[in-house]
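>>> Just to be clear, the model below is a prediction. Sequence and coordinates:
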Amino acid sequence: MVQIRGKYFNGTLTLQERVSSEMPLEVIVIFPDLEAKEEAPLDMSGFGFARAQVILKDFKGSFTETLLEERRQSR
């Protein structure tokens, strides 16, 4: 593995050195100055089967179809 520094700005990556290759190369880009966005952990303390039944008592649809539709929309 070869490490080369560069700069990224507005969708353009500029490397500080040239790399010679006779074929396409796979690359990994790491942004050391940016923090990864961490999602808050799921709080399971207030969850319970009985509570879920109460919340969903009026739900008349298909859970499977609802889940699939939610996943389709989040793409």
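Great, that's in hand.
>>> Point out where the chain drops to low pLDDT.
Within the chain, no range satisfies pLDDT under 70.
>>> can you give me the helices in it?
In the chain, the segments counted as helices under DSSP state H are 49-55, 63-73.
>>> Please identify which of the ones you listed is closest to Thr12.
Closest approach to Thr12 among the helices of the chain (Cβ to Cβ): helix 63-73, 31.8 Å. Quick note: C-beta positions are derived from backbone N, CA and C, even for glycine.
>>> got the CA positions of that closest one in PDB?
The C-alpha trace of helix 63-73 is given here as PDB (Å, rounded to 0.1, in the frame of the first residue of the first chain):
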ATOM      1  CA  PHE A  63     -45.900  -4.300   9.400                       C
ATOM      2  CA  THR A  64     -43.800  -5.900   6.600                       C
ATOM      3  CA  GLU A  65     -45.200  -3.600   3.900                       C
ATOM      4  CA  THR A  66     -44.700  -0.500   6.200                       C
ATOM      5  CA  LEU A  67     -41.100  -1.500   6.900                       C
ATOM      6  CA  LEU A  68     -40.400  -2.100   3.200                       C
ATOM      7  CA  GLU A  69     -41.900   1.200   2.200                       C
ATOM      8  CA  GLU A  70     -39.900   3.000   4.800                       C
ATOM      9  CA  ARG A  71     -36.700   1.500   3.600                       C
ATOM     10  CA  ARG A  72     -37.600   2.300  -0.100                       C
ATOM     11  CA  GLN A  73     -38.100   6.000   0.900                       C
END
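>>> can you list the helices of the chain in a markdown table and add mean neighbour count and distance to Phe9?
Below are these laid out as a markdown table (neighbours: other Cβ atoms under 10 Å; distance: least, Cβ to Cβ, whole Å):
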| stretch | mean neighbour count | distance to Phe9 |
| --- | --- | --- |
| helix 49-55 | 8 | 47 |
| helix 63-73 | 9 | 32 |
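>>> among these, which is nearest Tyr8?
helix 63-73 (30.4 Å).
>>> one step back: would JSON lines of the helices of the chain with distance to Asp43 be doable?
Below are those laid out as JSON lines (distance: least, Cβ to Cβ, whole Å):
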{"stretch": "helix 49-55", "distance to Asp43": "13"}
{"stretch": "helix 63-73", "distance to Asp43": "20"}
